[in-house]
Structures are given as C-alpha cells and as structure tokens.
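Engineer: Got a sequence here, can you build the structure:
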Amino acid sequence: MYIPSKNNSIVGSPSWIQTLDGLKRQTGHELNCMRIGIVQAFYPEDLTVDVLIANKKTLNLNKDGTQNVQDFPVVRAKVVYCNPFETFPINPGDECVMLFADREIESWFINGEVNAEGYPRMHAITDCTALFGIRSLPKMISILTTCLHLFYGNSDIQIADSSITLNAPNIYINGTLTINDVPYMNHVHSNGNQGNNTGGVIQ
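Structural biologist: Got it, this is the predicted structure:
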C-alpha cells in the first residue's frame with residue numbers, strides 16, 4: 001500500500017487553465033509595448049539614442065528573500081521629435097517614452113515610404129522609438145499655489161505673483177533688456193554705476 005508523505009507526495013499535472021495562465025504570464029513578461037526610458041547618449045547623425053529602460057529586470061530571489069535585479073540592456077531607439085518643449089540636442093538624463101512597434105520598422109526608418117516587412121519581428125527591442133516631452137516629478141513643470149515652477153537640467157524658473165526668479169549657470173539675453181521702462185544700458189545700479197550689457201548682476 002502506498003502511503004504519501006511530504007517527501008514522496010505526487011505532483012499532479014497542471015490543468016489546462018493553469019497552463020494557459022502560465023503561458024499568458026510568460027508572454028506578458030516577454031512582450032514589449034511601452035516603457036519609460038532614460039537617455040544615455042544621443043547620436044544626431046542618425047537621430048538615434050541609447051536608452052536605458054527605467055525598470056530593472058527581476059532575475060530571481062536571493063537567499064534572504066530580496067529580489068535579485070539588474071538593468072536591462074541599453075536600447076538603441078529611433079528619435080521621434082514631436083514635442084515643442086524638447087529642444088535638440090537631447091542630453092543624457094532626459095526622459096522619454098519608449099514605444100515598441102507591432103512589426104519591424106527598420107525598413108521604414110531606412111527607406112521611408114511603404115515597404116514590405118524585412119523581418120518577422122513583433123514587439124522587438126530592436127524596433128523601438130523614443131518620444132520626448134514626458135517628465136518625472138523631479139523634472140516636470142510644477143504649478144503650485146504660490147508660483148509656476150519650470151525645471152530643465154541645472155536651470156529653473158519660478159514665476160510668482162510679484163516676482164520672477166531665474167536660476168541657471170548662464171543667462172543670455174538677445175535684444176534690449178528694459179527695466180521700469182528704461183533700457184538696461186541706461187539703468188543706474190544702486191551703487192551709482194551705469195548698467196551695461198557685459199554681464200553681472202542686475203540691481
């Protein structure tokens with residue numbers, strides 16, 4: 001007589017529902033549709049970017065129960081310039097939406113127009129386009145109760161009810177700067193010196 005125990009328990013075959021659920025989960029993990037990416041390098045000669053997917057890949061669990069993760073490989077994506085707030089050149093650290101095409105787009109990208117499918121790929125890492133203009137919270141435009149706060153790189157502008165604050169390594173003004181209806185060239189600083197357009201602090 002067979003007596004089952006924890007050491008020799010019989011594992012039954014999975015049902016067809018469990019098999020389908022497993023296949024759906026596996027397909028979902030392997031399918032690429034849309035990801036958020038962080039630019040690593042920009043190549044203006046062919047309008048492509050090296051992009052790092054903003055999620056890490058989970059490999060398995062460590063012995064202590066924590067996740068064993070690593071970065072995805074860097075993706076070479078085609079740039080789609082469609083947002084007026086993003087200006088070239090694109091810089092490392094800029095954020096984008098990564099779209100993975102249903103079918104290969106290499107034929108279109110190289111030749112333009114309508115082409116026969118050159119490869120049977122679907123939702124492949126290779127067929128990725130990067131759309132710029134999306135921002136994470138640390139880099140987005142914040143509309144606060146006290147001011148409008150715009151971030152970009154190392155610069156930011158705060159537009160409040162009675163003042164405007166510019167923070168940037170360099171500020172360039174093309175044209176005439178007018179203060180209280182007086183051109184800055186004729187503006188007298190609080191120290192008595194006449195203003196000029198060679199730089200410095202406006203007082």
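Engineer: Only C-alpha atoms from now on, for both contacts and neighbour counts.
Structural biologist: Noted.
Engineer: Hmm, S155 is touching H149, no?
Structural biologist: No - contact criterion Cα atoms under 8 Å: S155 and H149 do not qualify, at 10.7 Å.
Engineer: Looking at these two, which one has more neighbours?
Structural biologist: H149 (17 against 13; other Cα atoms under 10 Å).
Engineer: That one and K78, how far apart?
Structural biologist: 31 Å (Cα to Cα, to the nearest Å).
Engineer: same check, this time on T176
Structural biologist: T176 is 40 Å from K78, by Cα to Cα.
Engineer: okay, those two: which has more neighbours?
Structural biologist: K78 (23 against 11).
Engineer: any low-confidence regions in this structure?
Structural biologist: 1-12, 28-30, 81-89, 137-147, 185-203 (pLDDT under 70).
Engineer: Tell me where it has helices.
Structural biologist: All helices of the chain, identified by DSSP state H, fall at 16-30, 106-111.
Engineer: quick one: which of the ones you listed is nearest P44?
Structural biologist: helix 106-111 (14.7 Å; Cα to Cα).
Engineer: Give the buried residues for the closest one.
Structural biologist: Neighbour counts over helix 106-111 (16 or more other Cα atoms under 10 Å) mark E106 as buried.
Engineer: Residues contacting that helix, please?
Structural biologist: With Cα atoms under 8 Å, 6 or more residues apart in numbering as the test, helix 106-111 has contacts from V114, N115, A116, E117, G118, D127.
Engineer: Mind checking which of those are buried?
Structural biologist: The buried subset of the contacts of helix 106-111 - by 16+ other Cα under 10 Å - is D127.
Engineer: what's the closest of the contacts of helix 106-111 to T165?
Structural biologist: D127 (42.6 Å).
Engineer: Distance-wise, check the closest one relative to F151.
Structural biologist: Counting by Cα to Cα - D127 and F151 are separated by 31 Å.
Engineer: for I125, same thing?
Structural biologist: I125 is 31 Å from F151, by Cα to Cα.
Engineer: Neighbour count: these two, which is higher?
Structural biologist: I125 (21 against 17).
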